[in-house]
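Q: Okay, sequence plus prediction incoming.
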Amino acid sequence: MNFRKDTHPLTLRSDWLELVRKYQDQDPAVFALRYGGKKEGSMMDGGKETGLPVKEIAEQIRCYPRAGVKLGPMHRPGMIYRKEALEQASGYATAVFRARRWLSRLAGESLNDRSADETVKQTGFRSVSATDTPGEHLAGAETGTPLVADLTGGLGIDTAGWALGGARVICGEKDGVLVDVARHNHHLLKIDDRITYFRGDAAQWLQACASGTEPEPDLLYLDPSRRVRDKRVIFLEESEPSIPEILPLIRAATSRYLIKLSPMIDITRLEKQLTDCHEITVVSAGREVKELLADCRTERSSDDKYERGAISAEKPHEVFPVNETADAGRVLRRAVLLNRSGEVVFEAASTGKYQTGYVRFEEPDFIKVEPETQAIDASEGLSAENYLFDPDPALFKADLVDVVAGHFGLRRINPGIGYLTGPRDLPGFPGHRYQIRRIHPYKPKKMRRYLHGNGIRKVHIHQRGFPVTVNQLYRKLDCTMGEDAHLIATMDHSGACVIIISDIKSGSAL
């Protein structure tokens, strides 16, 4: 089967989709072996050669269930995916949030993410519908619409997020087949009329931009590949493209750039590498850190009042010009917790440990959290009358646990462990909440006798700051996974190992 080098074979026909639906319950590997035809790569169906590439159809059978869950309303029947590219692509919630937040910033507007209707008015972003006609969603498509250059286009999912948010977008991608796939997917989403395509790597486009042959974007967006030569990588210098290598080109081409990064990357190391970085946003959905976003401004910025890490007490959702109350010289760290629709349900920000923090939860405005309220007193013992709180992973990643503790009036159970405790249940807490039933010193034999004697054999075990792994605890306590109770293995204020028996009050405030 011969196809043009830079064309994905499924973009040339549409009858493959019916086969994906027909065989959606098949194991993709078994499907490829069973239906491979006599002609190289051709699929057999009903004893006849279809002329369709069996390998690519098997890949769609594998990807479609995942794409439907991950992309939600952005998934369309007929869209084409590649497994590795789909793994790296943003999900619906994060794509929606990113477009709303940064396009609003480019427009110079503050944003209340809690109201989807208001966001539509400000940015034009709304959930796409199967009944859309071309141009319906293009709020502000006239002159003055922000231009975003997405230089790591992949399947075109992030590009679609920016376009659905109301931006004009340049989609750059060095893999010609992926450019073809992205164009195809954008056509199905009816947004291809506001996207231009560039086949080439990021360095090529940046050089063209610096020379004036490509327009300067209002925002440059990069999501460097974290899989290089079949190996997962984390650091900026290991990714493709290598951000440190192209950083001079980025600075020459634009005054503002946004980099999507691995949830595993070390933020302190990142702050030292990206000296242009003003803010790092840790994005969480479903109690899982999905991505980090580094918002950077170069010295070419038209507003020379901006200074790294300067924040305003009035509007901490943005990096603002330095004033007498600003905390300059530090990178603002922000944790954002999203629901499935990409709306912000909790947000916290600060420029460092025991610096002024800000929390936004039930009200559209931020509440200031003074440093003295964050000095958590861990000297008091745990009480069986209390509640235990396990903050969302994004709050740990952004080092904002103490800001949240100060806001809710909680304290750490141990200075070096993120579990918090307080006398009352807090239904709006951003994380898991547990009601403490009993606190035991860690003595496995006595603990096992107590559990079995009280009919507790099926449990969920959680561990933080504890010298024994969860699997080892299941064996030592002779328990299996189940719903009798939750056991929390940790250390108290004195450093003693304890196991807390509890009932969970809520899987999450989200």
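A: All right, it came through fine. Residues are numbered from 1 along each chain as shown.

Q: Now for the nearest residue to Leu189 once chain neighbours are set aside: which residues touch it?
A: Once flanking residues are discounted, Leu189 sits nearest to Ala160: 5.6 Å by Cβ to Cβ, 6 or more residues apart in numbering. (Glycine included, C-beta is placed from N, CA and C.) Neighbouring residues of Ala160 by Cβ atoms under 8 Å, 6 or more residues apart in numbering: Met74, Ala95, Asn185, His186, Leu189, Ile191.

Q: Could you export those residues to CSV, including columns for pLDDT and distance to Asp492?
A: Output for these, formatted as CSV (pLDDT from 0 to 100; distance: Cβ to Cβ, whole Å):
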residue, pLDDT, distance to Asp492
Met74, 95, 47
Ala95, 94, 42
Asn185, 96, 53
His186, 97, 55
Leu189, 96, 53
Ile191, 96, 55
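
Q: For Arg360, state which of those is nearest.
A: Lowest distance from Arg360 to these (Cβ to Cβ) belongs to Ala95, with 21.1 Å.

Q: Which strand or helix spans the closest one?
A: helix 92-106 (DSSP states H and E).

Q: Isn't Arg256 up against Cys296?
A: Yes - the criterion here is Cβ atoms under 8 Å, and Arg256 meets it with Cys296 at 6.9 Å.

Q: The least confident helix or strand in the chain by mean pLDDT: what's the following helix or strand?
A: Using mean pLDDT, DSSP states H and E, the weakest-scoring helix or strand in the chain turns out to be helix 116-123, at a mean of 37. Per DSSP H and E, the first helix or strand lying C-terminal to helix 116-123 is strand 147-150.

Q: contact partners of that next one?
A: 103, 158-159, 162, 167-172, 205, 209, 215, 217-223, 254.

Q: from these, which ones fall inside helices?
A: Mapping the contacts of strand 147-150 onto helices (DSSP state H) picks out Leu103, Asp158, Thr159, Trp162, Trp205, Cys209.

Q: Can you report how many residues neighbour the second one?
A: Going back to what we said before, that points to Asp158. By the criterion of other Cβ atoms under 10 Å, Asp158 has 27 neighbours.

Q: got a list of what it touches?
A: Ala89, Ser90, Ala95, Arg98, Asp150, Thr152, Tyr221, Asp223, Lys260.

Q: Tabulate the residues you listed (CSV), appending distance to Val30 and neighbour count.
A: Below are the contacts of Asp158 laid out as CSV (distance: Cβ to Cβ, whole Å; neighbours: other Cβ atoms under 10 Å):
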residue, distance to Val30, neighbour count
Ala89, 26, 23
Ser90, 31, 24
Ala95, 33, 25
Arg98, 38, 23
Asp150, 37, 31
Thr152, 34, 23
Tyr221, 39, 26
Asp223, 33, 22
Lys260, 35, 21
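
Q: so where's this protein shaky on pLDDT?
A: 1-4, 37-50, 109-144, 227-230, 299-329, 362-363, 375-382, 385, 504-510 (pLDDT under 70).

Q: care to break it down by domain?
A: Domain ranges of the chain: 9-66, 88-367, 375-506, per automatic domain parsing.

Q: Which of the ones you listed has the highest mean neighbour count?
A: With neighbours taken as mean count of other Cβ atoms under 10 Å, the domains of the chain reach their highest mean count in domain 88-367, at a mean of 19.

Q: Pull up the distance across that one, start to finish.
A: 35 Å (Cα to Cα, to the nearest Å).

Q: try stretch 195-205
A: 15 Å.

Q: Does anything pack onto the helix holding Ala95? Which helices or strands?
A: Helices and strands touching helix 92-106, by 3 or more Cβ pairs under 8 Å, 6 or more residues apart in numbering; DSSP states H and E, are helix 116-123, helix 157-164, strand 277-285, strand 289-297, strand 332-338.

Q: Partner strands of the shortest one and their direction?
A: What it means is strand 332-338. strand 277-285 (parallel), strand 344-350 (antiparallel) (DSSP bridges).

Q: next one: it to chain centre, how far?
A: In terms of Cα atoms, centre = their mean, to the nearest Å, the centre of strand 332-338 is found 10 Å from the chain centre.

Q: do the same with the fourth one
A: Centroid displacement of strand 289-297 relative to its chain, using Cα atoms, centre = their mean, is 9 Å.

Q: For the residue lying closest to Asp6 once chain neighbours are set aside, which residues are in contact?
A: Computed as Cβ to Cβ, 6+ apart, the closest residue to Asp6 that is not its neighbour in sequence is Gly176, at 3.1 Å. Shown in contact with Gly176 (Cβ under 8 Å, 6+ apart): Lys5, Asp6, Arg199.

Q: Using JSON lines, lay out the residues you listed together with secondary structure and distance to Arg475.
A: Shown next, in JSON lines, are the contacts of Gly176 (DSSP: H, G, I helix; E, B strand; the rest coil; distance: Cβ to Cβ, whole Å):
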{"residue": "Lys5", "secondary structure": "coil", "distance to Arg475": "55"}
{"residue": "Asp6", "secondary structure": "coil", "distance to Arg475": "55"}
{"residue": "Arg199", "secondary structure": "strand", "distance to Arg475": "55"}
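
Q: Just the closest of those to Arg269, please.
A: Nearest to Arg269 among those: Arg199, at 33.1 Å, using Cβ to Cβ.

Q: contacting residues around the residue nearest the centre of the chain?
A: Centre of the chain computed as the mean C-alpha position; nearest residue by Cα atoms, centre = their mean is Lys290, 2.7 Å away. By Cβ under 8 Å, 6+ apart, Lys290 lies in contact with Ser90, Gly91, Ala93, Thr94, Pro263, Val283, Ser284.

Q: can you rerun that using 6 Å?
A: Shown in contact with Lys290 (Cβ atoms under 6 Å, 6 or more residues apart in numbering): Thr94, Val283.

Q: same deal with Arg448?
A: Contacts of Arg448 by Cβ under 6 Å, 6+ apart are Leu477, Asp478.

Q: Look up how far Gln435 lies from the closest residue to Lys458 other than its chain neighbours.
A: The shortest distance from Lys458 to any non-neighbouring residue, by Cβ to Cβ, 6+ apart, is to Gly482 (2.2 Å). Distance of Gly482 to Gln435, given as Cβ to Cβ, to the nearest Å: 18 Å.

Q: Then Pro441?
A: 20 Å.

Q: likewise Ala405?
A: 18 Å.
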